[in-house]
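Asks: Using only what follows, build the 3D model:
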Amino acid sequence: MLKSLLAIALVASAVPAVAQDRTIPVNIVVDASKPGAPVNPIWRFFGADEPNYAPMKDGRTTLATLGQLMPDHVYFRTHNLFTSGDGTAAFKWGSTNIYTEDAAGHPVYNWTIIDHIFDTYRARHVKPYVELGFMPEALSTHPEPYQHDFRPGSGALRTGWAYPPKDYGKWENLITAWVTHCVARYGRAEVASWYFETWNEANLPQYYWAGTQDEFFRLHDAAVRGVRRALPEARVGGPDIAGAGDDYMTAFLHHVKAAGTPTDFLSFHAKGKPSFIKDGAGSHVRMGIADQLNAADHEFVQIAAEPAFKNKPIIIGEFDPEGCAACQGPANGYRNGTMYSSYEAAVFPRLMMLAERRGVNLEGAITWAFEFEDQQPFAGFRQLTSGGIDLPVMNAFKLFAKMHGRVVPAASDAEKSLDTVMKEGVRGTPDIGSTAALDANSLTVLLWHYHDDDLPGPDAAAHLTLNGLPSGLAGTRSVEVYRIDRDHANAYAAWLAMGAPLAPTDAERATLLKAAELQPATMPITVAGRHAALTVTVPRQGILLLRLGH
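Replies: Numbers count the residues shown, from 1 in each chain. So this is what the prediction gives:
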């Protein structure tokens with residue numbers, strides 16, 4: 001599989017660059033005199049199937065990078081926190097052995113592995129978004145076989161860990177005991193700042209839940225009781241279902257309302273659907289941004305239709321271009337390079353527009369990507385780093401983190417409307433958009449140049465008109481410019497250029513780490529009468545951030 005992905009990558013890298021004199025003229029007008037709502041950092045949530053990668057060498061460095069984005073405001077969700085086993089990591093697997101039973105059937109609790117995982121988070125200023133699952137072997141109604149045999153491309157996923165408990169009281173008591181332990185270890189206020197939800201995608205019985213809907217609701221109610229018995233002010237919610245186009249969310253809302261189950265936030269997943277296109281001109285990845293936005297909208301509509309829940313905070317528990325981080329294949333060939341980073345830059349603003357349109361309270365969206373320890377470099381997984389080296393998508397989140405203050409209008413004449421993107425995706429002409437924020441005397445403008453088709457295309461020549469600038473910025477200034485594109489903050493391109501070594505030497509690794517860095521440049525600008533103008537070039541699949549003032 002790696003050889004096939006490498007072949008695809010090398011073919012793509014051999015496509016000749018588009019001549020630089022072919023540019024797309026774009027006009028962008030920013031009005032800093034009209035600050036609106038505070039910047040909403042919905043991007044500050046991440047997650048992965050495999051909990052045991054976190055304390056490993058590249059897991060630690062990746063978590064440290066995430067924690068630095070917004071210290072003590074970044075959250076991490078993971079599966080398998082309650083799964084039985086010895087803590088050995090594997091694809092779509094992990095374990096903590098939190099619960100066993102003695103010969104008489106009495107519970108035996110063991111916090112050692114799960115403490116190590118959460119200690120690793122907190123030491124790097126990352127907080128848990130707690131998924132209460134999966135079922136310990138000793139509690140499962142169908143314990144054998146217990147561990148699945150999934151591997152990229154084959155294997156059954158649903159085994160003993162996916163079944164309801166044989167004793168809901170023991171399930172509830174386990175949760176109470178563990179949350180009580182967390183309060184003692186991390187402090188009451190700290191644990192109250194976490195999110196607690198039950199299970200993962202219970203509406204997908206072929207994968208994550210081997211029980212009925214009613215059994216899941218019973219499981220959820222018991223879990224919430226277990227959390228609140230230990231910490232009455234804990235933040236609890238759910239159901240973290242897959243965005244499958246069904247009415248499961250409505251059924252869940254009706255249930256928790258009728259049962260009186262506390263619900264502080266609502267959660268669901270929304271995924272895109274890339275494809276691999278083959279035609280007379282060759283082959284390439286085509287992204288499915290419309291699928292992802294429509295999946296989110298389907299759940300937003302159900303929540304908005306229920307007055308008792310319309311204003312509840314929403315956390316999209318997984319928000320990704322497709323559905324399997326541990327899977328490889330041609331349609332996933334977008335992941336290592338700037339297609340992924342430009343996609344994220346284009347989709348997150350649209351998601352916020354969509355939430356505003358539906359009148360719902362979007363608090364966060366979890367990017368289900370982390371790292372896969374000790375794999376070959378740039379192996380084609382959906383991840384933020386490869387072998388401890390930041391990928392362009394990680395750098396996209398670093399740019400998001402530079403947006404502070406209040407949102408100000410930023411209108412691009414080449415940005416596609418929300419309706420167009422949801423109906424057609426980004427086909428034909430590219431989507432060249434912008435968003436901006438004002439913080440005291442600092443203006444930040446983020447530009448993206450995105451297209452669903454992973455094909456070369458002309459650069460954008462973006463002319464920016466900046467109006468209503470704070471009077472303190474008058475005069476000749478330097479603008480900081482950060483870029484993620486084919487030539488900047490792109491370790492993958494550097495790896496391909498050095499011949500795609502499968503075992504980079506120390507010197508090659510140092511080169512890759514340097515190539516991955518966001519390195520700001522500066523350009524002069526004159527602010528006169530609270531107005532300024534400048535022109536920048538944004539390559540296709542590029543992101544550019546401008547910061548004026550400090």
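
Asks: you'd agree Thr83 is in a strand?
Replies: No: applying DSSP: H, G, I helix; E, B strand; the rest coil, one finds Thr83 to be coil, outside a strand.

Asks: OK, contacts around Gly364?
Replies: Counting by C-beta atoms under 8 Å, 6 or more residues apart in numbering, Gly364 makes contact with 42-45, 75, 314-316. Yep, even glycine has a C-beta here, placed from its N, CA and C like the rest.

Asks: again, only using 6 Å
Replies: Taking C-beta atoms under 6 Å, 6 or more residues apart in numbering as the criterion, Gly364 is in contact with 42, 45, 315.

Asks: just curious, which of those residues is nearest to Val126?
Replies: Phe45 (10.3 Å; C-beta to C-beta).

Asks: burial count for the closest one?
Replies: Applying other C-beta atoms under 10 Å, we find 26 residues neighbouring Phe45.

Asks: Next: Ala379.
Replies: Neighbours of Ala379 using other C-beta under 10 Å come to 19.

Asks: circling back: any chance of the contacts of Gly364 in CSV, plus secondary structure and pLDDT?
Replies: Putting those into CSV (DSSP: H, G, I helix; E, B strand; the rest coil; pLDDT from 0 to 100) gives the following:
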residue, secondary structure, pLDDT
Ile42, coil, 98
Phe45, strand, 98
Ile315, strand, 98
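
Asks: Looking at the residues you listed, which is nearest Val393?
Replies: Ranked by distance to Val393 (C-beta to C-beta), these are led by Phe45 at 14.4 Å.

Asks: Would you map the helices across the stretch 351-500 of the chain?
Replies: In the stretch 351-500 of the chain, the helices defined using DSSP state H, counting those that start in this stretch lie at 392-400, 418-424, 491-497.

Asks: what do you get for the chain?
Replies: Assigned helices in the chain, in chain order: 2-13, 57-69, 112-123, 168-186, 188-192, 213-230, 248-259, 289-304, 338-358, 392-400, 418-424, 491-497, 506-516 (criterion: DSSP state H).

Asks: And these: which comes nearest Glu101?
Replies: With C-beta to C-beta, the closest approach to Glu101 among those belongs to helix 168-186: 8.5 Å.

Asks: how about that closest one as PDB, C-alpha atoms only?
Replies: Output of helix 168-186 as PDB, limited to C-alpha atoms (Å, rounded to 0.1, in the frame of the first residue of the first chain):
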ATOM      1  CA  TYR A 168     -25.500  -1.400  34.200                       C
ATOM      2  CA  GLY A 169     -25.000  -0.800  37.900                       C
ATOM      3  CA  LYS A 170     -21.400  -1.900  37.700                       C
ATOM      4  CA  TRP A 171     -21.000   0.300  34.600                       C
ATOM      5  CA  GLU A 172     -22.300   3.300  36.500                       C
ATOM      6  CA  ASN A 173     -20.200   2.600  39.500                       C
ATOM      7  CA  LEU A 174     -17.000   2.300  37.400                       C
ATOM      8  CA  ILE A 175     -17.600   5.800  36.100                       C
ATOM      9  CA  THR A 176     -18.400   7.200  39.500                       C
ATOM     10  CA  ALA A 177     -15.200   5.700  40.900                       C
ATOM     11  CA  TRP A 178     -13.100   6.900  38.100                       C
ATOM     12  CA  VAL A 179     -14.400  10.500  38.100                       C
ATOM     13  CA  THR A 180     -14.000  10.600  41.900                       C
ATOM     14  CA  HIS A 181     -10.400   9.600  41.300                       C
ATOM     15  CA  CYS A 182      -9.900  12.300  38.700                       C
ATOM     16  CA  VAL A 183     -11.200  14.900  41.000                       C
ATOM     17  CA  ALA A 184      -8.700  13.800  43.700                       C
ATOM     18  CA  ARG A 185      -5.900  13.700  41.200                       C
ATOM     19  CA  TYR A 186      -6.500  16.800  39.100                       C
END
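
Asks: Buried residues, that helix. List them.
Replies: Residues of helix 168-186 classed as buried: 168, 170-179, 181-183, 186 (neighbour count, 16 or more other C-beta atoms under 10 Å).

Asks: what's the answer for stretch 516-531, then?
Replies: Here stretch 516-531 shows 516, 518, 525, 527 as buried, counting by 16+ other C-beta under 10 Å.

Asks: can you check stretch 474-492 too?
Replies: Using 16+ other C-beta under 10 Å as the test for burial, stretch 474-492 gives 477, 479-486, 488-492.

Asks: Relative to Leu446, how far out is His404?
Replies: For His404, the distance to Leu446 equals 12 Å [C-beta to C-beta, to the nearest Å].

Asks: swap in Pro25?
Replies: Distance from Pro25 to Leu446, counting by C-beta to C-beta: 20 Å.

Asks: Same drill for the two, tell me which one is more crowded.
Replies: Between Pro25 and Leu446, Leu446 has the larger neighbour count (other C-beta under 10 Å), namely 24 against 12.

Asks: wait, what's in contact with the more buried one?
Replies: Contacts of Leu446 (C-beta under 6 Å, 6+ apart): 435, 545.

Asks: how much space between it and Ser342?
Replies: Computed with C-beta to C-beta, the distance linking Leu446 and Ser342 is 11 Å.

Asks: same question, Gln519
Replies: Between Gln519 and Ser342 the computed distance is 19 Å (C-beta to C-beta).

Asks: Below-threshold pLDDT in the stretch 401-550 of the chain: ranges please.
Replies: For the stretch 401-550 of the chain, not a single residue meets the criterion pLDDT under 70.

Asks: Quick one: the strands in it, in order.
Replies: Using DSSP state E, counting those that start in this stretch, the strands of the stretch 401-550 of the chain run over 406-408, 410-412, 431-439, 442-450, 459-467, 475-484, 521-527, 532-538, 543-548.

Asks: Mind putting those into CSV with distance to Gly333?
Replies: CSV is the format used below for the strands of the stretch 401-550 of the chain (distance: least, C-beta to C-beta, whole Å):
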stretch, distance to Gly333
strand 406-408, 34
strand 410-412, 28
strand 431-439, 20
strand 442-450, 16
strand 459-467, 22
strand 475-484, 18
strand 521-527, 30
strand 532-538, 22
strand 543-548, 19
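
Asks: Tell me which of those sits nearest to Ala331.
Replies: That would be strand 442-450 among the strands of the stretch 401-550 of the chain, by C-beta to C-beta, at 17.6 Å.

Asks: partners of the closest one, with directions?
Replies: In the sheet, strand 442-450 lines up against strand 431-439 (antiparallel), strand 543-548 (antiparallel) (DSSP bridges).

Asks: In TSV: these, plus mean neighbour count and distance to Asp58.
Replies: Output for those, formatted as TSV (neighbours: other C-beta atoms under 10 Å; distance: least, C-beta to C-beta, whole Å):
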stretch	mean neighbour count	distance to Asp58
strand 431-439	24	31
strand 543-548	24	24
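
Asks: Make TSV from the ones you listed and add distance to Pro51 to it.
Replies: Below are the strands paired with strand 442-450 laid out as TSV (distance: least, C-beta to C-beta, whole Å):
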stretch	distance to Pro51
strand 431-439	34
strand 543-548	31
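
Asks: Quick check: which of the ones you listed is nearest to Ala414?
Replies: Across those, Ala414 has its closest neighbour in strand 431-439 (3.8 Å, C-beta to C-beta).

Asks: thinking again about what came up before, which one of the helices of the stretch 351-500 of the chain is the most hemmed in?
Replies: Mean neighbour counts were taken over those using mean count of other C-beta atoms under 10 Å, and the top value, a mean of 25, falls to helix 392-400.
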